[in-house]
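Trainee: Next input, structure requested:
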Amino acid sequence: MKTAILFPGQGSQFVGMGYQFYQEFEEAREIYKQADDILDFPLSKLCFEGPEEQLRITMYTQPAIYVTSLAIWSVVKKLGILPDFMAGHSLGEYTALTAAESIPYEEALRLVEKRGLFMEEAVPHGEGTMAAVMGIDRKGLEKVCRQVTEEGNVVELANINSPGQIVISGTKLGVELAAQRAKELGARRIIPLSVSGPFHSRLMKPARDRLQPLVTKLQIQEGRTPVVMNVTGRSETEPMRMKSNLIEQVVSPVLWTDSIEWMIAQGVDTFIEVGPSKVLSGLVKKINRTVTTYSIEDLDSFYQFQKEWS
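Mentor: You can find the predicted model right below:
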């Protein structure tokens, strides 16, 4: 049996996330306490009490999910799990690299806070957006996006989440036009996403350019566990290539389907999602129904996993 640990990205947040672990386990409390000391605001209070409107703002969302996922992982790893791979969806890649001991916690947290701020400020509010497109193949949607972009309205594939779910990102009009044409080609459903910007598209270039010098200076090393990275869909251990992937990830699509399929091809048959929500374990099942998935987001799911894992 080979195992992979998965960490969620933006969109998985909810008020109250991580609070049960904070109450129950000293390891989790320590993760939150360190975050409150490192950052200039009480992150733990925002995670546990909200307000939800603030928790949805990218510069707060990203460190909140990062810290919560690591707090839960600090408890889960005590069960003696030795994963063969780790991976994270977008922001979750930073969590994976920290959990794999490639990036120090304090450095990564400060970087994640900056990343959220840079992404928030990259495009004026309301000018860019994202939408999930259901039931159209990747090549067909890619062709639609290319045509719309050639006509002067930017839209690109942003998240290749599963064979039946791809997120597009770009200007507001670009996403609307691509969604309309995708429907004409047989897409079953279009879901506009409540996001503050056109993430993982070329419009995020200002964020990438601001992030680049910070990532370049980052202390990063080969970790205990290989991390499968979003930009390539393959595991990476060489520090300079890991840095390059983190920089390019801001403007590149998240190759989640490719990542999961590659891990399965390496023999992984068990995926454990650690962090708020159950989004990633659901996507894994859409990619391959034969694998085993677990999702650990609260004490009930943790104790159930503990029972089954032992």
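Trainee: What segments of the stretch 1-150 of the chain are helices?
Mentor: Under the criterion DSSP state H, counting those that start in this stretch, the stretch 1-150 of the chain contains helices at 19-24, 26-38, 43-49, 52-55, 58-76, 92-99, 105-121, 138-150.
Trainee: Is it possible to get TSV of the ones you listed that adds distance to G128, mean pLDDT and mean neighbour count?
Mentor: Every residue, glycine included, has its C-beta placed from N, CA and C. As requested, the helices of the stretch 1-150 of the chain are exported to TSV (distance: least, C-beta to C-beta, whole Å; pLDDT from 0 to 100; neighbours: other C-beta atoms under 10 Å):
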stretch	distance to G128	mean pLDDT	mean neighbour count
helix 19-24	33	98	18
helix 26-38	29	97	17
helix 43-49	25	97	20
helix 52-55	20	94	13
helix 58-76	12	97	26
helix 92-99	21	98	28
helix 105-121	11	96	20
helix 138-150	13	96	17
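Trainee: got those helices as CSV, with distance to S12 columns?
Mentor: Shown next, in CSV, are these (distance: least, C-beta to C-beta, whole Å):
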stretch, distance to S12
helix 19-24, 15
helix 26-38, 17
helix 43-49, 12
helix 52-55, 11
helix 58-76, 6
helix 92-99, 8
helix 105-121, 14
helix 138-150, 23
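Trainee: Let me know which of those helices is the nearest to K217.
Mentor: With C-beta to C-beta, the closest approach to K217 among these belongs to helix 105-121: 9.2 Å.
Trainee: Out of the helices of the stretch 1-150 of the chain, which gets nearest to Q212?
Mentor: Closest approach to Q212 among those (C-beta to C-beta): helix 105-121, 10.1 Å.
Trainee: And the contacts of that closest one?
Mentor: 31, 34-35, 38-39, 57-63, 66-67, 70, 91, 94, 97-98, 103, 196-197, 199, 204, 206-207, 210-211, 214-215, 218-219, 250 (C-beta atoms under 8 Å, 6 or more residues apart in numbering).
Trainee: Give me the angle between that helix and helix 26-38.
Mentor: Relative orientation of helix 105-121 and helix 26-38, computed by axes from the mean of the first three to the mean of the last three C-alpha atoms, to 10 degrees: 60 degrees.
Trainee: Okay, angle between helix 105-121 and helix 92-99 too, please.
Mentor: 170 degrees.
Trainee: Report the distance from helix 105-121 to the chain centre.
Mentor: Its chain's C-alpha centre and that of helix 105-121 lie 14 Å apart, by C-alpha atoms, centre = their mean, to the nearest Å.
Trainee: With stretch 213-225 instead?
Mentor: Offset of stretch 213-225 from its chain centre (C-alpha atoms, centre = their mean): 18 Å.
Trainee: neighbouring contacts of that stretch?
Mentor: 5, 83-86, 97, 99-104, 107, 111, 114, 237-239, 242-243, 246-247.
Trainee: Also stretch 35-50?
Mentor: Defining contact as C-beta under 8 Å, 6+ apart, one finds that stretch 35-50 is touched by 15-19, 22, 32-33, 54-55, 60, 63-64, 67-68, 106, 109-110, 113.
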